[in-house]
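Engineer: I need the structure of the sequence given here:
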Amino acid sequence: MLDYSKILQGIKPTDSEQRYLLEQSNNLIKSLNKSIKGAKVRLGGSLAKNTNIKGDLEVDIFAAFSYSKYKDKNISKELEKYIKKYKPKKLHGSRDYFQIKKQGINFEIVPILDVSKDITKAQNTTDISPFHVNWIKSKSKKDIPDQIRLAKHFAYANNLYGAESHIGGFSGYLLEVLVIYYKGFENLLKAAKKYKDKEVLDPAHRYKNTKLAIEKLNYSKKASPLIVIDPVDKKRNIAAALSKEKYQIFIDL
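Structural biologist: Modelled structure (predicted):
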């Protein structure tokens, strides 16, 4: 394996930076938990998984509303009425969410339904985000977080990072799962050189074989050149947003 220590110095948060992010996040979470009724607020995203990149001052925070009480309600509106004092900026997505700027950090407050007892009740992909955090953390042994940072940096440097429709690249979660599956960044690159036109991966072995995995997926979820079964939700292809162009560039690189 090559020596990536110099690259990691430039992309891995320092201990003091990580402490600052966690301290400020925890302070806001405590405050939000006092303000918001019917929801439990927790840290999410790459900071919670310890896969964040140096200088990335965006932090995801989940406000998980009780499923039984809020399954039929607009939880974005519920969240909004409790956080007015923070003067948040409303952002639009599959569910509206909110941005709070505090101490130089952009906190994104995302409303979700608490489906921790039954993932099949998820109404939105964000509802299963806490499952993603837990799975990544459970598999991040030894230097895996740093290996993930290398993969994210590689993708970003080559304009391959981001699952937004105008990018068609690799999401952070997809890269995290791939690095864990291959047990390292270099192993991922070596494997990718041999990827076929339609590659199917099932990292958590949710199906008996890949043929069965393809059969069970909805058509819209298997149109991408790479299919990666979500370790926590076997009905989901976490590479669904990946375009053929970005897939081929990744293989060529």
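Engineer: can we go C-alpha only for contacts and neighbour counts from here?
Structural biologist: Will do.
Engineer: F98: what secondary structure?
Structural biologist: Three-state call for F98 (DSSP: H, G, I helix; E, B strand; the rest coil): strand.
Engineer: Tell me who's in contact with the residue nearest to it when sequence neighbours are not counted.
Structural biologist: Nearest non-adjacent residue to F98, counting by Cα to Cα, 6 or more residues apart in numbering: K90, 4.6 Å away. Going by Cα atoms under 8 Å, 6 or more residues apart in numbering, K90 touches 96-99.
Engineer: Restricting to C-alpha, output stretch 133-153 in PDB.
Structural biologist: The C-alpha trace of stretch 133-153 is given here as PDB (Å, rounded to 0.1, in the frame of the first residue of the first chain):
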ATOM      1  CA  VAL A 133     -24.700   6.100  10.700                       C
ATOM      2  CA  ASN A 134     -24.900   3.000  13.000                       C
ATOM      3  CA  TRP A 135     -23.900   0.600  10.200                       C
ATOM      4  CA  ILE A 136     -20.900   2.600   9.200                       C
ATOM      5  CA  LYS A 137     -19.700   3.100  12.800                       C
ATOM      6  CA  SER A 138     -20.000  -0.600  13.500                       C
ATOM      7  CA  LYS A 139     -17.800  -1.400  10.500                       C
ATOM      8  CA  SER A 140     -15.200   1.300  10.900                       C
ATOM      9  CA  LYS A 141     -12.400  -0.600  12.500                       C
ATOM     10  CA  LYS A 142      -8.800   0.600  12.600                       C
ATOM     11  CA  ASP A 143      -8.000   3.000   9.800                       C
ATOM     12  CA  ILE A 144     -11.300   2.600   7.800                       C
ATOM     13  CA  PRO A 145     -12.400   6.200   8.500                       C
ATOM     14  CA  ASP A 146      -9.200   7.500   7.000                       C
ATOM     15  CA  GLN A 147      -9.500   5.100   4.000                       C
ATOM     16  CA  ILE A 148     -13.000   6.600   3.500                       C
ATOM     17  CA  ARG A 149     -11.600  10.100   3.600                       C
ATOM     18  CA  LEU A 150      -9.100   9.200   0.800                       C
ATOM     19  CA  ALA A 151     -11.900   7.800  -1.300                       C
ATOM     20  CA  LYS A 152     -14.000  10.900  -0.800                       C
ATOM     21  CA  HIS A 153     -11.100  13.200  -1.600                       C
END
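Engineer: quick one: low-confidence parts of this protein?
Structural biologist: Scanning the chain for pLDDT under 70 picks out no residues.
Engineer: My assumption is that the residue nearest to F98 lies in a strand; please confirm.
Structural biologist: Yes. Counting by three-state DSSP, K90 falls inside a strand.
Engineer: What distance do you get for it to H166?
Structural biologist: Using Cα to Cα, to the nearest Å, K90 is found at 22 Å from H166.
Engineer: do L8 as well
Structural biologist: 29 Å.
Engineer: which element is the closest residue in space to P111 that isn't next to it in sequence on?
Structural biologist: Spatial nearest neighbour of P111, excluding adjacent residues (Cα to Cα, 6+ apart): A63 at 4.8 Å. Assigned by DSSP states H and E, A63 falls within strand 58-66.
Engineer: among the contacts of K90, who's most crowded?
Structural biologist: Within those, neighbour counts (other Cα atoms under 10 Å) peak at Y97, which reaches 23 neighbours.
Engineer: isn't T51 right up against P145?
Structural biologist: Yes. If you go by Cα atoms under 8 Å, T51 and P145 touch, sitting 5.2 Å apart.
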